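Q: For reference, the sequence and a predicted model appear below.
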Amino acid sequence: MQHSLTNCIEKELQHYFTASNKGKRKVEVKNRGEIYDLIIGQVESVVIKTTMEYCKGNQSEVARILGIHRNTLATKLKKYDIVTED
């Protein structure tokens, strides 16, 4: 799985940086860390959402599996607007 995920991310980044037919820069980076934050946010939100589904919404179990504190998980759920059943 590691290899396929890495390949997917690499291909998407290459696509993100260049226009598919002209080889020109496609994006203008205005803020330091902007692309990193974008990628981490997209990956992290999917990891949390998928793990929440797997654990049937049990936030303590999700936090344990992901190796983060439950309060950190709660903050990220709010940040990414992931709906939970309380």
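A: Nice, thanks for sending it over.
Q: Residue ranges in this protein under the pLDDT threshold?
A: Within the chain, the stretches with pLDDT under 70 are 1-2, 19-29, 86.
Q: What is the one helix or strand Thr75 maps to packed up against?
A: In the assignment (DSSP states H and E), Thr75 maps to helix 70-79. Secondary-structure packing of helix 70-79 (3 or more Cβ pairs under 8 Å, 6 or more residues apart in numbering; DSSP states H and E): helix 34-54, helix 59-66. All C-beta atoms are positioned from the backbone trio N, CA, C, and that covers glycine.
Q: winner for burial among these?
A: helix 59-66 (a mean of 16; mean count of other Cβ atoms under 10 Å).
Q: What about the residue nearest to Lys49 when sequence neighbours are not counted, how many residues nearby?
A: Nearest non-adjacent residue to Lys49, counting by Cβ to Cβ, 6 or more residues apart in numbering: Ile82, 5.4 Å away. Residues near Ile82, counting by other Cβ atoms under 10 Å, number 14.
Q: Quick check: Ile82 is in a strand.
A: No - counting by DSSP: H, G, I helix; E, B strand; the rest coil, Ile82 is not found in a strand; it is coil.
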